[in-house]
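**Q** mind folding the following:
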Amino acid sequence: MVVGGGIVGLCSALALQRAGVPVLLVDPARAVAPASWGNAGHVAIEQVVPLASMATLTSAPRRLTLRGGALSLPPRDVRRWLPFALRLARASTPARHAGGHAVLAGLLAEAMPAWHRLAGSLGAEGVLVENGHAVVWHDPRAAAQGQPARRGRQRRHRCQRHHLLDRDMASIAPGGRR
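**A** Coordinates of the predicted model:
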């Protein structure tokens with residue numbers, strides 16, 4: 001039995017079935033959209049930077065003050081989150097971060113070929129389209145902060161870079177929206 005009809009559940013069920021294992025796929029009705037609902041089918045092969053990093057650790061105090069932010073460490077729950085926080089800190093050393101980066105890069109190097117094989121095996125070659133992605137900053141200050149890291153990734157992954165102006169955005173945004 002495989003519980004969950006998201007991409008992981010479906011691929012797991014398919015692999016088991018192809019191996020000759022009878023499979024029951026259970027996907028309960030959801031009150032909310034699944035985690036991958038808003039991702040527009042992005043296969044994030046460029047995401048090779050581990051979350052565990054000195055940048056993550058140094059940004060934590062600022063993130064704690066963001067209303068509705070992704071980081072919440074309630075003092076009353078310190079026994080629950082402290083063990084994870086300590087493991088994250090140990091994994092964030094420069095050497096461990098570099099090792100994690102190398103592992104992710106190795107795993108993701110085979111991601112697109114694997115997706116193409118899967119699509120081909122299902123007779124769905126046309127559903128997987130490689131056409132890049134856009135990185136957009138909301139203002140020049142944010143762009144200046146983010147561009148140095150992007151340049152390093154572009155060199156490693158042989159990316160092309162195009163600068164777009166506001167007037168260009170309507171032509172590439174889905175439905176012409178900004």
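**Q** secondary structure element for the residue nearest to the spatial centre of the chain?
**A** Note on the chain: the residue nearest the mean C-alpha position is Ala44, at 5.4 Å, using C-alpha atoms, centre = their mean. Ala44 belongs to no helix or strand when assigned by DSSP states H and E.
**Q** would you mind measuring from it to Ala89?
**A** If you measure Ala44 against Ala89 using C-beta to C-beta, to the nearest Å, the figure is 25 Å. All C-beta spots, glycine's among them, are computed from the backbone N, C-alpha and C.
**Q** which non-adjacent residue is nearest Gly69?
**A** Among residues not flanking Gly69 along the chain, Arg63 sits closest, at 5.3 Å (C-beta to C-beta, 6 or more residues apart in numbering).
**Q** how many neighbours does that neighbour have?
**A** 13 (other C-beta atoms under 10 Å).
**Q** any idea how far it lies from Leu57?
**A** 11 Å.
**Q** and for Pro148?
**A** Taking C-beta to C-beta as the measure, Pro148 falls 19 Å from Leu57.
**Q** higher neighbour count, those two?
**A** Counting neighbours by other C-beta under 10 Å for Pro148 and for Leu57 shows that Leu57 has the greater number, 14 against 8.
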